[in-house]
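Q: Need a 3D model of the sequence below.
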Amino acid sequence: MTDKTRVLFVCVANAARSQLAEALLRHTDSEQFDAFSAGTVPGEINPLTLEALQHLGVSTEGLYSKSIDEFAGERFDYVITLCDKSSLECHSLPGAGEVLAWNFEDPVTSTKHDAFRHTLHEIHERIKMFVLVKTKR
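A: Predicted structure coming up:
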């Protein structure tokens, strides 16, 4: 068993935001955190998600879209939802320590120019702050 802090990122499709968050947390501090992601209704990872991560030099190895059901019975120190819809569906998740609700615009449906890079940057800033706060012991 590991002493790492286990974090599960959840959004609906597990196609963009939660994948970005999982990869970014691993990239930011894989020594102290184990990062996972899942969707309440998983689909396929959006290719622009992987492109945005690779553009930043973040590894996309091992990323795939998965259902929250794959983690049934597992314990997480933090479950972080990345959209309002998943937030509503995840408050009763068994095995969740602290549930945090972060709401980011879905880059898949966004009309913003460079939406994926914009969302990547916003999530990265939040994750850096999360790591900073949670590793001050």
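
Q: For the chain, which segments count as strands?
A: Assigned by DSSP state E, the strands in the chain fall at 5-11, 33-39, 76-81, 96-101.

Q: What mean pLDDT does the first one get?
A: Going back to what we said before, that points to strand 5-11. Summarised as a single mean, pLDDT over strand 5-11 is 94.

Q: Show me what the nearest residue to Lys134 once chain neighbours are set aside is bridged to.
A: Spatial nearest neighbour of Lys134, excluding adjacent residues (C-beta to C-beta, 6 or more residues apart in numbering): Thr5 at 6.5 Å. All C-beta atoms are positioned from the backbone trio N, CA, C, and that covers glycine. Beta-bridge partners recorded for Thr5 (DSSP bridges): Phe33.

Q: For burial, what's the neighbour tally of Thr5?
A: Applying other C-beta atoms under 10 Å, we find 18 residues neighbouring Thr5.

Q: and it, what is it in contact with?
A: Gln32, Phe33, Asp34, Asp77, Tyr78, Lys134 (C-beta atoms under 8 Å, 6 or more residues apart in numbering).

Q: Nearest to Glu44 among the residues you listed?
A: Minimum distance to Glu44 across the contacts of Thr5 is 23.8 Å, recorded for Asp34 (C-beta to C-beta).

Q: And the helix ranked longest in the chain, what does it pack against?
A: The helix that spans the most residues within the chain, counting by DSSP state H, is helix 115-134. For helix 115-134, the packing partners by 3 or more C-beta pairs under 8 Å, 6 or more residues apart in numbering; DSSP states H and E come out as helix 17-29, helix 47-55.

Q: Output it in PDB with nothing but the alpha carbons.
A: The C-alpha trace of helix 115-134 is given here as PDB (Å, rounded to 0.1, in the frame of the first residue of the first chain):
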ATOM      1  CA  ALA A 115     -10.600  26.300 -25.500                       C
ATOM      2  CA  PHE A 116      -8.500  23.200 -24.700                       C
ATOM      3  CA  ARG A 117      -5.400  25.100 -23.900                       C
ATOM      4  CA  HIS A 118      -7.400  27.600 -21.900                       C
ATOM      5  CA  THR A 119      -9.000  24.900 -19.800                       C
ATOM      6  CA  LEU A 120      -5.600  23.100 -19.500                       C
ATOM      7  CA  HIS A 121      -4.100  26.300 -18.100                       C
ATOM      8  CA  GLU A 122      -7.000  26.900 -15.700                       C
ATOM      9  CA  ILE A 123      -6.900  23.400 -14.300                       C
ATOM     10  CA  HIS A 124      -3.100  23.500 -14.100                       C
ATOM     11  CA  GLU A 125      -3.200  26.600 -12.000                       C
ATOM     12  CA  ARG A 126      -5.800  25.100  -9.700                       C
ATOM     13  CA  ILE A 127      -3.800  21.800  -9.300                       C
ATOM     14  CA  LYS A 128      -0.600  23.700  -8.500                       C
ATOM     15  CA  MET A 129      -2.500  25.500  -5.700                       C
ATOM     16  CA  PHE A 130      -4.000  22.200  -4.500                       C
ATOM     17  CA  VAL A 131      -0.600  20.600  -4.400                       C
ATOM     18  CA  LEU A 132       0.900  23.500  -2.500                       C
ATOM     19  CA  VAL A 133      -1.900  23.600   0.100                       C
ATOM     20  CA  LYS A 134      -2.100  19.800   0.500                       C
END
